[in-house]
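1. Need the 3D shape of this:
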Amino acid sequence: MLTARELATLLAALRHWQQTYSETDIPSLITAWPQFAADAPLSSAEIDTLCARLNQLCGCESPGPFCCGIPGILAMLADFRVRLIEMGAAGRLLINGEIENVLPMEDAEALEKANPITPDSKVRLEQAKTTERHDAIVKNALKSSLVCLMILGGEHDLTESINRLGGGK
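-> Okay, here's the model as predicted:
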């Protein structure tokens, strides 16, 4: 017998599958997933029937006061995807256990000073302020540990700051 947690996860997976794939995807799913070598995947209507049967066991898809059940799980999955984008590459590496820690290299004050958006909403880059910002990032990196992995956007070139402050290391 499945636990309520296992049933809720199973129902969430079924509903996610149902929302992700359509009837026209079935031939490619049969090819891609060895589980379907003998039997084709369930249709959307068949998933509804199976979910109704599973709900008789747990009532997991009945929304509760804290958006529980499948609607809550699907909402959390959608929110999780947005948060992954916000975390960026470093956050995903941390979640996957590929790195041990993520520290901000940015200096809030230097970032604010280097902000190229003027009060009248125009863009004005000031090289001296950008250099200060890059210097602050490099100083934080040099303080962090023996080895520092930094993931930067394409607009960051810390070469001059690294050469000046870190002796090119």
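2. Grab the most central residue of the protein for me.
-> By Cα atoms, centre = their mean, the mean C-alpha position of the chain lies nearest to residue 84, the distance being 1.4 Å.
3. Distance check, the nearest residue to that residue once chain neighbours are set aside against residue 141.
-> Leaving aside its sequence neighbours, residue 84 sits nearest to residue 92 (Cβ to Cβ, 6 or more residues apart in numbering; 6.2 Å). In this view, the C-beta of every residue, glycine as well, is placed from N, C-alpha and C. Distance, residue 92 to residue 141, by Cβ to Cβ, to the nearest Å: 20 Å.
4. swap in residue 30?
-> Distance from residue 30 to residue 141, by Cβ to Cβ: 50 Å.
5. out of the two, which sits in the more crowded spot?
-> residue 141 (19 against 16; other Cβ atoms under 10 Å).
6. returning to what we had before: I'd guessed the residue nearest to residue 84 sits against residue 85; true?
-> No. Between residue 92 and residue 85 there is no contact under Cβ atoms under 8 Å: 9.5 Å.
7. how deep is the residue nearest to residue 84 tucked in, by neighbour count?
-> 13.
8. Which strand or helix spans it?
-> Assigned by DSSP states H and E, residue 92 belongs to helix 69-95.
9. helix or strand right after that helix?
-> helix 108-114.
10. Buried residues of that next one, list them for me.
-> 110, 114 (16 or more other Cβ atoms under 10 Å).
11. average pLDDT for it?
-> Mean pLDDT, helix 108-114: 81.
12. Pull that helix out as CSV, backbone CA atoms only.
-> Coordinates of each C-alpha in helix 108-114 appear next as CSV, following Å, rounded to 0.1, in the frame of the first residue of the first chain:
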residue,chain,number,x,y,z
ALA,A,108,26.2,46.4,-2.6
GLU,A,109,27.7,49.9,-2.3
ALA,A,110,29.9,49.5,-5.4
LEU,A,111,27.0,48.0,-7.4
GLU,A,112,24.8,50.9,-6.5
LYS,A,113,27.4,53.5,-7.4
ALA,A,114,28.0,51.8,-10.8
